[in-house]
Structures are given as C-alpha cells and as structure tokens.
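A.B. asks: Below are the sequence and a predicted model for it; my questions follow.
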Amino acid sequence: MSASNLLVIGNGGAAIHAVQAARTAGHSGPIHMVSDTPGRAFNPMLSPYYLAGKIHFDDCFPFGEGFYKGYDITCHFGSPVEVLNPNNREVVLSGGKKLLYDKCLVATGARPIFPSASGLRSSRHAFTLRTAEETILLHEAMTKAKSALILGASLVGVKLAEILDQRGVKVTLVDIADQILPHAAHPDCAALLQNHLTQKGVEIHLGWTLEWVEEHEQEAYFHFQGGETLKADLCLVCIGVRPNLDFLNGSDVEVDQGILVDHRMCTSLEGLYAAGDVSQGRNLLSGKKEIIGLWGNACYQGRTAGLNMAGQRTTYPGAIPDHISTFFGLAFVHLGNPNHRGNDVTILSNHDLSQGPYRLMVFDRGILVGSNLINGFENAGSLKKAMIRKLNWSEHFGSLKNLPSDQDIERFLADIPF
Amino acid sequence: MACVVACQDENDLYGDGQSFIHVTRLEKGNHPSASLAFISLACLHCGDAPCLMVCPTGAIYKRDKNGIVDVHQDLCVGCHSCALACPFGAPRYLEDGKMSKCHFCVARLERGLEPACVRVCPTRAMGFGTMDSLSRQKVEKASTFILEPLMKIAGP
C-alpha cells in the first residue's frame, strides 16, 4: 500500500471525504490537514437550520471532533496556507511553517462575494453566511434586528428571508436581476414564487443595483442606482460565492473560475488535486467544466480525489446543478438549466400553483435539460436520472406539445433499465 | 397492491395513504400482443447509496451487518437532498418533515421473519435476500419451469 505523504488543504465535505477514502483504500502513510478553521468540519448547508432554531449549533458539525483521531490525521488547524508551491511540493502556512507533500488536495471551498457598492464591506450592519464564525455573528445580529435587507434573491437569500420573517423581522429582498432565483428558476416559475413571497409579506425589488451605504449607529441607509433608498438594521449579502484560491497566485496550475480538474480530480500539475467548491469539474449536461457548488458533489469529488491519491484509479463523471429547498410552505426544485436557450427548445409547464404541484420542463431536441418543480417532487430524482442519461422524450411523447402527466412520466421512467 | 398495504400497516402509514412501496403499472403493445406488468419499487438499499453521500448531517447510514440503508430520524433536518439524489423516488417525508423510507423491515428480519411486503405477496413475485441467493432462486425456478413438463412426458 502507498505510504506517500498526503496533504489536504481544507476542512469541509470534500476534504473530509478525501481523507476518509484514502484511509479506507489502505493509505498507511501520513495525512496532514491544513485549514484556517479552528477545528471540526462545519457544513454551511446546515446553518439555516440552526438560525431557524431547528438544530443546535453543534449539529452543524456532522463529522464531530473525534474524526481526525479516528483516521490518524495530523491537523494544522487555525493556520491558513499562504503559498502553495507545486514545483517544490511544499506549502507555507501563515506564521512561516512549511510542509512538504507527495500529493496534495486543494479543497478550500468558497467564500461569499461582496458587491462593489461603497461602504458595504465595512458596514457593521452587513453580514454574510458561510462559515461557523459568520453563522454565530449573524445569529447574534438577527436577535436584535427589526428590519432586514437581503441582497441577492438566491436560494440562500430566499431561505434567510423565511427565517427572518418567522422571527417577525420586516424583510426586503433585492436583486440586480429582473427575477428572483435567477440561476435556479425559469422566469415563469420565478414569477409564481415571487407572487407567493409577496403574499407572505416579503417586499421584493428587482433590477436594483446597490450604489452606496450610509452608515448610522442603529441602522444603515442603502442607496440604489436610480435614487431609491432603503433603511434596514441588518443587511445580508447573498449574491453568490467565489472559490478560495488566492494562495495559488504565482503557481502554474490551470484555473478558470475554479481549479480545473479531470474525472480523477487531477489538476494540470502532477501530484496536485482539487475537489469541492474550489474546483471546476464536468457538468454532465453542458459537457463543460463548471463550478457546481453542492455538498453532495463536493463529497463525491473529495472521495474520488482521496482514492486516487491513495493509488487507486477511480473516476467521477461529474454532476448537474440541482437544488431542493423548502421556504414559505413550498418545496422548490431546480434541475439542470431551466434557462437553457437554443433554436429547438420546448418549454412546457402547468401554470397555476393553486391547482396542485407545479412543473416546468425544458427540452432541447427532445432531451430534458432543465426543470423546476414546486411541491410534487416525488419524481425529481428520476427526472434527474433522465436528464443525466439524456433520454429522448420525443421518442416516447411525440412532438411534446403538452406537458406529460405525472403518471405518464412515471411509466416512461419505470420502463428504462437502470 | 398487497405489498403497498402491508407496508402501510407495518409502518403505521395509514394517515395519508403513503407507503414506502410504490407500484407502477406498465402497459405495452396493442391487441393481440398487449402486455401488462407491475413494478413494485421501494428503497433498493444501494451498495454505494447516493442518498447517503449527499446527506448533510450523516442521518442516512448503512448497517454494517446486512447493508440495509437506514435513517437516524433524530439527525434528519428534512432538507430533502435525498429526494434529488435517489433515482428511484424511495425517500418519503412524513408529517414531521423528516425522511422515512423502506428499512427492509429490519425489526422483523432480526426476529427471523420476512419483510411485510414479501410475506403478503400472493404470487410470491417478491423475494428478499442477497444478490447471490436471489439469482440462485431464479435459476431454480427457471429450471423447474422447463424441466417439470419434460418430466411429465418422459416420466421419472
């Protein structure tokens, strides 16, 4: 079995699954983990449940404290990597400590993006939600807040809108796009959801761009392009995330938005791997390399990296973007690319939310490429399977003039061999 | 649909008609070669279960002894990630919002009993066991099907 020296930078889902897989595959050599976090791995996906009062803060750490000892990991926590030097196979930690490696995995995740509006980043009223520390800060701020502005009608933004609304906070949701959930929902579906949120008392402004923030003691005034101003004592920045890869500056590793990886999670450099939200692997739908920032995808990528670093040859084909989220009494699903454009695209949907579950399906030449569901998600997993396998729906449903019924879909998919 | 009802009974799912088993009716072809088939589907307890990989809390786990994929109800936050991960539509979400699904009637198995659905299947179409034992049973069944008529003609 391999006894090489493995180094994992990061301490999230990808990193944890990587070291777990390497040990399971029989790697007996040293494994070092380096992270700026103080200890046990945090799952950012769980912080909304903590903020909503559904779980304890300790429950946001699914692998616990004992994980590292159990897998015989040497931890260098609380010490971020300053520089990675792939030519010498070494990393330099803050404080100057150097570590050498034979194989290194970069699984440093991503951090929230701040819009460039002046005064926002330094505002005492502005918060983001990603790390354990950010979760604690936001939790504290939420208990005092009476009004909140959420910048970014993303899935996180909408979920936070619900949590704050349930606490009696007056919520205003603002997005630069002309619809809510611009990445996850087709405009038709977004309009239905927007209507629902408005009925629940959420104020929504679309197409608004924040220009500057006027800071006061108790609250802040948020000035938008075009002269609109909103007052709030809490501002949540939820416009997206960007990969943590500053320490790679100066190295030759191929980077687009994230670190480019192949189906074994190898980067362009020998001995260097990447996985999770920092990496850019295959989108099975578009065939292109894209960042698909999902907990499950990160865990699969991490496992694949770990197995390969331990000397196995294992591949991971890739993923498609998908989300399921419950908010304001609805279950919303996004599969693939509901905003897919093309010359031969068919979009089918049922239109009324009051008459049961809503389903929107986007086909390109008979192949399902995107879908939104509101409630009625029982078929979601099999729809995803159909999407990944690029099944041709027009061979079964003809010209696809009408939205196939749930029963028709069930029969169509049940008849496909697994 | 006896399996569906047996599952509801076993798991006290009588409230809203949910069952951990779903039966799909498949009609194929036209007269005179039309055929009708039923597929009874519950959790397949996958070897490398995708629901387990995507579960953010570790609520979904695999039992070491028998490979059954089960759920720690107290850890489930009801995020529904498993609903997207499962290609078979096995996860169910009950009134408390947490995931519940076929657990292979593990309590019955441990007492040496068959799963409830297998017990009631009137045609014995359903079975359970390891892949090896199931394929052996299939081979035996097929051989009997072929050999029995021959024995009748040829005599013992």
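C.D. replies: Structure's in. What do you need?

A.B. asks: okay, now A:Ser399: neighbour count?
C.D. replies: 8 (other C-beta atoms under 10 Å in any protein chain shown). Any C-beta I mention is one placed from the backbone N, CA and C, and that applies to glycine too.

A.B. asks: name the element it belongs to?
C.D. replies: Using DSSP states H and E, A:Ser399 sits within no helix or strand.

A.B. asks: swap in B:Gly112?
C.D. replies: Going by DSSP H and E, B:Gly112 is not in any helix or strand.

A.B. asks: And A:Leu7, by the same measure?
C.D. replies: strand A:6-9.

A.B. asks: Can you list the strands that that strand pairs with?
C.D. replies: strand A:31-35 (parallel), strand A:103-106 (parallel) (DSSP bridges).

A.B. asks: Show me how far that strand is from its chain's centre.
C.D. replies: In terms of C-alpha atoms, centre = their mean, to the nearest Å, the centre of strand A:6-9 is set 22 Å apart from its chain centre.

A.B. asks: Now do the buried residues in the helix or strand just after that strand.
C.D. replies: Downstream of strand A:6-9, the first helix or strand assigned by DSSP H and E is helix A:13-24. Applying a neighbour-count criterion of 16 or more other C-beta atoms under 10 Å in any protein chain shown, one finds A:Gly13, A:Ala14, A:Ala15, A:Ile16, A:His17, A:Ala18, A:Val19, A:Gln20, A:Ala21, A:Ala22, A:Arg23 buried in helix A:13-24.

A.B. asks: got a list of what the nearest residue to the fifth one once chain neighbours are set aside touches?
C.D. replies: This means A:His17. Of all residues not flanking A:His17 in the chain, A:Gly302 sits nearest, at 3.6 Å (C-beta to C-beta, 6 or more residues apart in numbering or on different chains). In this structure, A:Gly302 makes contact with A:Gly13, A:Ala14, A:Ala15, A:Ile16, A:His17, A:Ala18, A:Ala21, A:Leu105, A:Ala107, A:Ala275, A:Gly276, judged by C-beta atoms under 8 Å, 6 or more residues apart in numbering or on different chains.

A.B. asks: three-state assignment of A:Gly302?
C.D. replies: Going by DSSP: H, G, I helix; E, B strand; the rest coil, the secondary structure assigned to A:Gly302 is helix.

A.B. asks: How is chain A divided into domains?
C.D. replies: Using automatic domain parsing, the domain ranges for chain A come out as A:6-111+A:242-309, A:126-239, A:329-414.

A.B. asks: Give the burial count for A:Thr304, as a bare number.
C.D. replies: 27.

A.B. asks: How about the contacts made by the closest residue to it other than its chain neighbours?
C.D. replies: Closest residue in space to A:Thr304, ignoring its immediate chain neighbours: A:Tyr316 at 4.0 Å, by C-beta to C-beta, 6+ apart. A:Tyr316 makes contacts with A:His263, A:Arg264, A:Met265, A:Gly281, A:Tyr300, A:Gln301, A:Arg303, A:Thr304, as judged by C-beta under 8 Å, 6+ apart.

A.B. asks: Surely the fourth one touches A:Ile320?
C.D. replies: No: counting by C-beta atoms under 8 Å, A:Gly281 sits too far from A:Ile320 to count as a contact (11.5 Å).

A.B. asks: what sits in contact with each of the two?
C.D. replies: A:Ile292.

A.B. asks: Which one's more surrounded, those two?
C.D. replies: Taking neighbours as other C-beta under 10 Å, A:Gly281 and A:Ile320 compare with A:Gly281 leading, 27 against 21.

A.B. asks: element containing the more buried one, please.
C.D. replies: Judged by DSSP H and E, A:Gly281 forms part of strand A:279-282.

A.B. asks: Can you dump the C-alpha atoms of that strand in PDB for me?
C.D. replies: Below are the C-alpha coordinates for strand A:279-282, written out as PDB (Å, rounded to 0.1, in the frame of the first residue of the first chain):
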ATOM      1  CA  SER A 279     -12.800  23.000  -8.200                       C
ATOM      2  CA  GLN A 280     -14.300  23.200 -11.700                       C
ATOM      3  CA  GLY A 281     -15.300  19.700 -12.900                       C
ATOM      4  CA  ARG A 282     -17.600  18.400 -15.500                       C
END
